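Asker: Give me the fold of what follows.
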Amino acid sequence: MDTGVFTLTIVMLIAIAIAFDFMNGFHDAANSIATVVSTGVLKPYQAVIWAAFFNFVAIAIFELKVAATVGKGIVSPDIVDNYVIFGALIGAIAWDAITWYYGIPTSSSHALIGGMLGATVAKAGTAPLLAPGIFKTSAFIVISPIFGLILAGLITVAVSWICRRRTQRQTDRWFRKLQLLSSALYSIGHGSNDAQKTMGIIWLLLISANLTSHDHLPYWVVVSCYVAMGLGTLFGGWRIVKTMGQRITKLKPVGGFAAETGGAISLFLASSFGIPVSTTHTITGAIIGVGSTRRVRAVRWGVAGNVVIAWVLTIPASGLMAAGAWWLGRQLF
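Answerer: All right, here's what the predicted structure looks like:
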């Protein structure tokens, strides 16, 4: 391939990856702001500014373990080429766009991983797939929402016991303030996990092009991905906010605090261990955990069930789209 064409191709793919990161922030903005908006603690425009700022703050806190898992632990870097990266990104972006349009809170993370798997299998079959990384990621499709549910439920019960002598008005006043802290922590957790997934894809691309090593992720990639995610959050995925904030269960400030705190703890732990989890799954589980502490019927299980079906479909659907995009890329370029 001509050097100029090769360079242009790399730049184009990096631009698509950054666009996906922006879309990730845009699509998943609801994860960070739905609870704080639905409880009335912040207005929507205030909430997205708050969330976008703390998405970026994560750059100073977490190591790049999630980026390493995505870049080197899902598929073998040796088999990856520009067409695989193109297919993976287009498949993930297409699924995100479809689910955003219909207001379905699916996982951008698993759309990206599904895209990687689909494009890789389309090129070389299943041999390049790395079972340990895939198993870990797949297991946490189940583990992360359950963990968020349990933590949020326990926090809700603990707060109810601690505040049992307070009036509802007094409790709400305190937790409206505390929810600013919990939403900030959740946004940091969101940035720490989701922004790193796109870093991993760009890292994989640069490794395949012999532009960097397996041990070095250029800092410009790190900054670009955090900025793109923050900007995506700033513009917000408004269609999903209502589903996350009100349709699954009604939230008050105490419930919003519990859901965000439970979700933040889950994300902090996952990022620390380099596990790419879904922020959507985590916060949805936490919201259900809050609702179920009041009574089982407080959760709209029909809505929650539809969300879970979308989760199950995400990896195969984005994988099929990515395989098609890989084939199309081979025909066009």
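
Asker: ok, which stretches of the chain are helices?
Answerer: 3-38, 44-57, 65-72, 82-101, 108-124, 131-162, 168-208, 219-235, 238-242, 253-272, 279-294, 301-332 (DSSP state H).

Asker: Which of those helices has the lowest mean pLDDT?
Answerer: Lowest mean pLDDT of the helices of the chain: helix 238-242, a mean of 53.

Asker: Burial check on the closest residue to Ala325 other than its chain neighbours, number of neighbours?
Answerer: Nearest in space to Ala325, with sequence neighbours left out and distances taken as C-beta to C-beta, 6 or more residues apart in numbering, is Ile90 at 3.7 Å. Backbone N, C-alpha and C define where each C-beta goes, glycine included. Using other C-beta atoms under 10 Å, Ile90 has 22 neighbouring residues.

Asker: Please apply the same query to Asp215.
Answerer: Asp215: 7 neighbours (other C-beta under 10 Å).

Asker: before we move on, back to that, where's the residue nearest to Ala325 relative to Ala17, distance?
Answerer: Distance of Ile90 to Ala17, given as C-beta to C-beta, to the nearest Å: 11 Å.

Asker: Please apply the same query to Gly40.
Answerer: 37 Å.

Asker: between the two, which one's more packed in?
Answerer: Neighbour count, other C-beta under 10 Å: between Gly40 and Ala17, Ala17 has more, with 28 against 14.

Asker: Is it correct that that one is in contact with Gly200?
Answerer: No - taking C-beta atoms under 8 Å as the definition, Ala17 is not a contact partner of Gly200, at 9.8 Å.

Asker: Find residues that contact each of those two.
Answerer: Both Ala17 and Gly200 lack any common contact, where contact means C-beta atoms under 8 Å, 6 or more residues apart in numbering.

Asker: who's in contact with the residue nearest to Ala325?
Answerer: 16, 115, 321-322, 325, 328-329.

Asker: Check Thr69 too.
Answerer: Thr69 sits next to 133, 136-137, 200, 274-276 when contact means C-beta under 8 Å, 6+ apart.

Asker: can you check Leu185 too?
Answerer: Leu185 makes contact with 54, 260-261, 264, 268 under the criterion C-beta under 8 Å, 6+ apart.

Asker: can I get those in a markdown table with neighbour count and distance to His281?
Answerer: Shown next, in a markdown table, are those (neighbours: other C-beta atoms under 10 Å; distance: C-beta to C-beta, whole Å):
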| residue | neighbour count | distance to His281 |
| --- | --- | --- |
| Phe54 | 21 | 20 |
| Glu260 | 32 | 15 |
| Thr261 | 23 | 17 |
| Ala264 | 26 | 14 |
| Phe268 | 19 | 16 |
